[in-house]
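Enquirer: Sequence first, predicted model second:
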Amino acid sequence: MTKNYIAGEWVNATEASPDINPSNTGDVVGEFARASAAEAEAAIAAAHDAFPAWSRSSIQLRHDILKKVGDEIIARKDELGRLLSREEGKTLPEGIGEVTRAGQIFQFFAGECLRMAGEKLPSVRPAIDVEITREPVGVIGLITPWNFPIAIPAWKIAPALAYGNTVVFKPAELVPGSAHALSEIIIKAGIPAGVFNLVMGRGSIVGEAMLKSPKVSAISFTGSVSTGRQVAMKCVTGDPMKKVQLEMGGKNPMVVLDDADLNVAVECGINSAFFSTGQRCTASSRIIVTDGIHDRFVQAMTERMRGLVVDDALKSGTHIGPVVDQSQLDQDLNYIRIGKDEGATLAQGGELLKRDTPGFYLEPALFTNVDNSMRIAREEIFGPVATVIRARDYEEALDIANDTPFGLSSGICTTSLKHASHFKRNAEAGMVMVNLPTAGVDYHVPFGGRKGSSYGPREQGRYAEEFYTTVKTAYTFDGNGPYVPKTKGSE
Ligand code: ADP
């Protein structure tokens, strides 16, 4: 059984759980420790004790550790990608791609350690300077989901450590393998005891312990809307209140206009809706298509979908891997039933598939004749199930695109500069893609959304400092002028 990493030691747990390969449920990736509340508290205490020294540690040391981590991840991308695809079910190229991105994120934040800047301004009073600097926040609890088993932990752990915070990391129950491998790399790179702690286990036990602890200063969470809301409530009602950042669901629109390049639109549709088995918060499950191209688009999409190979994530030639587990598969099938009951047309797919090994194989499904008020157009399904919604013209398409409780990503396929520019300005989403899939983002720029999708500052790129640091404003009277400690208007 693999262990948790607490206070600089690998620690046995009393409970363990199997990590199952969704492409072959007979294949157990490993038995992973499940921490108790007491173990989570020990990790929090260790991170709390380690904070004073780490928060003042040299930026060269932090740079060197993060750089080593990034370099090793990239050097081992094939092996780690294989492990990731085996436990999560995305295809091997997708798994290797995600691992590479995780490595690049660590390398990026290694560089950021050396670029922490402040500001210096004159005061409105004479002989006084004002300095604005950023300081670490404290112990940060990181709660991550199963759909990006290494990239999401990377984009939380790397900035947390770079900016001088200490970390308690709780990965999702379904994907402890990648989290464990990443932790081994961080430890091997020389992270001091207590600065980084891995506590695998249940959200209701380990996550809950972090939310309750007065020693945790901030929580960064990615997961479902319902859990996210509970996390935020606990952070703001606890004593002391915790800083909180949430990334949650999406129901991302992708608009296709009459003047779109049909090939580009179909490739964007296939990628956005079905790659990574549709299990991405940036996936598009609402493809909004104007009248003039609607029938041609649906025909080309369904034809392209029939050529998609759904099979074992590790087999070469597989385009779409399995759904992650039985409960997610049940949810997908349930929404396919709901779509039919609501009167939408299942134009393609939606059948369970049998393969050589027992796994959660689902044929990508596309609904047409969908109204934006239907549940399949409003609620996040998180599987390879997408809808096509017909629109009269660009204006109606934009209205439909924005008529959703979510606001993470949005896309438009068009050759019109006028419509593309209007959409960029008016899409109510954190990210807008023109002639590109709604998913697939760079690692050095901000990621996040609006409305029901996100809460708190952005993740990734330089914008990550907003969450992982706290601002200090310092005033100094230097004696080179009259002493005016207080003026009208100053507090
Ligand atoms: P998903 O559908 O991706 O599993 P969840 O929101 O259930 O979404 O899970 C995301 C993360 O939140 C996981 O690491 C999970 O263990 C954790 N989690 C679940 N319930 C709680 C909770 N009550 N408190 C804190 N964390 C939780």
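Expert: That came through fine. Numbering: from 1, shown residues only.
Enquirer: sec struct for M305, please.
Expert: Under DSSP: H, G, I helix; E, B strand; the rest coil, M305 falls in the helix class.
Enquirer: show me what contacts it?
Expert: M305 makes contact with I270, F274, Q348, G349, P364, L366, according to Cβ atoms under 8 Å, 6 or more residues apart in numbering. Yep, even glycine has a C-beta here, placed from its N, CA and C like the rest.
Enquirer: secondary structure element for the nearest residue to K188 once chain neighbours are set aside?
Expert: Of all residues not flanking K188 in the chain, E72 sits nearest, at 7.3 Å (Cβ to Cβ, 6 or more residues apart in numbering). Assigned by DSSP states H and E, E72 belongs to helix 59-75.
Enquirer: likewise T387?
Expert: Assigned by DSSP H and E, T387 falls in strand 385-391.
Enquirer: who touches that strand?
Expert: Defining contact as Cβ under 8 Å, 6+ apart, one finds that strand 385-391 is touched by 255, 269, 273-274, 278, 284-291, 294, 297-298, 301, 332, 335-336, 339, 344, 347, 350, 364-372, 374, 376-377, 397, 400.
Enquirer: And for stretch 4-12?
Expert: Contacts for stretch 4-12 (Cβ under 8 Å, 6+ apart): 1, 3, 13, 33, 35, 39, 42-43, 45-46, 49, 183, 187, 192-194, 196-201.
Enquirer: could you point out where the chain is predicted with low confidence?
Expert: 487-491 (pLDDT under 70).
Enquirer: rerun at 80
Expert: Applying pLDDT under 80 to the chain flags residues 486-491.
Enquirer: Can you list phi and psi of the residue nearest to K451 when sequence neighbours are not counted for me?
Expert: The shortest distance from K451 to any non-neighbouring residue, by Cβ to Cβ, 6+ apart, is to G407 (3.7 Å). Taking degrees, to the nearest 10, you get phi -170, psi 50 for the backbone angles of G407.
Enquirer: Spatially central residue in this structure, please.
Expert: I152 (4.9 Å; Cα atoms, centre = their mean).
Enquirer: Check which residues of the helix or strand where D19 lies are buried.
Expert: Per DSSP H and E, D19 falls inside strand 15-21. By 16 or more other Cβ atoms under 10 Å, the buried positions in strand 15-21 come out as A16, S17, D19, I20, N21.
Enquirer: which residues does the closest residue to the second one other than its chain neighbours contact?
Expert: Beyond its immediate neighbours in the sequence, the residue positioned closest to S17 (Cβ to Cβ, 6+ apart) is R34, lying 5.4 Å away. Neighbour list for R34: A13, E15, A16, S17, E173, M200, G201, R202, I205 [criterion: Cβ under 8 Å, 6+ apart].
Enquirer: Export the residues you listed as JSON lines, with columns for distance to the ligand.
Expert: As requested, the contacts of R34 are exported to JSON lines (distance: Cβ to the nearest ligand atom, whole Å):
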{"residue": "A13", "distance to the ligand": "15"}
{"residue": "E15", "distance to the ligand": "15"}
{"residue": "A16", "distance to the ligand": "16"}
{"residue": "S17", "distance to the ligand": "12"}
{"residue": "E173", "distance to the ligand": "6"}
{"residue": "M200", "distance to the ligand": "10"}
{"residue": "G201", "distance to the ligand": "8"}
{"residue": "R202", "distance to the ligand": "6"}
{"residue": "I205", "distance to the ligand": "9"}
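Enquirer: Present the residues you listed as JSON lines; the columns should include distance to T473.
Expert: Rendered in JSON lines, the data for these read as follows (distance: Cβ to Cβ, whole Å):
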{"residue": "A13", "distance to T473": "44"}
{"residue": "E15", "distance to T473": "47"}
{"residue": "A16", "distance to T473": "49"}
{"residue": "S17", "distance to T473": "47"}
{"residue": "E173", "distance to T473": "42"}
{"residue": "M200", "distance to T473": "40"}
{"residue": "G201", "distance to T473": "40"}
{"residue": "R202", "distance to T473": "41"}
{"residue": "I205", "distance to T473": "40"}
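Enquirer: how about the CA coordinates for stretch 219-238, as PDB?
Expert: The C-alpha coordinates for stretch 219-238 follow below in PDB (Å, rounded to 0.1, in the frame of the first residue of the first chain):
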ATOM      1  CA  ILE A 219      -8.200  26.800   0.100                       C
ATOM      2  CA  SER A 220      -7.900  26.400  -3.600                       C
ATOM      3  CA  PHE A 221     -10.600  24.000  -4.900                       C
ATOM      4  CA  THR A 222     -11.500  22.500  -8.300                       C
ATOM      5  CA  GLY A 223     -14.500  20.300  -8.500                       C
ATOM      6  CA  SER A 224     -18.200  20.200  -8.700                       C
ATOM      7  CA  VAL A 225     -20.500  23.200  -8.200                       C
ATOM      8  CA  SER A 226     -22.300  21.700  -5.200                       C
ATOM      9  CA  THR A 227     -19.100  20.800  -3.300                       C
ATOM     10  CA  GLY A 228     -17.500  24.100  -4.300                       C
ATOM     11  CA  ARG A 229     -20.400  26.000  -2.700                       C
ATOM     12  CA  GLN A 230     -20.000  24.100   0.500                       C
ATOM     13  CA  VAL A 231     -16.300  24.700   0.500                       C
ATOM     14  CA  ALA A 232     -16.800  28.400   0.100                       C
ATOM     15  CA  MET A 233     -19.400  28.600   2.800                       C
ATOM     16  CA  LYS A 234     -17.100  26.800   5.300                       C
ATOM     17  CA  CYS A 235     -14.200  29.100   4.300                       C
ATOM     18  CA  VAL A 236     -16.200  32.300   5.000                       C
ATOM     19  CA  THR A 237     -18.100  31.200   8.000                       C
ATOM     20  CA  GLY A 238     -15.000  29.600   9.800                       C
END
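Enquirer: Please enumerate residues in contact with that stretch?
Expert: 140-145, 152, 156, 160, 172, 203, 207, 210-212, 214, 241-249, 281, 380, 452, 455, 459, 467.
Enquirer: what about the longest strand in this protein?
Expert: strand 24-34 (DSSP state E).
Enquirer: ok, K243 touching A160?
Expert: No - when contacts are counted by Cβ atoms under 8 Å, K243 is not listed as touching A160 (11.8 Å).
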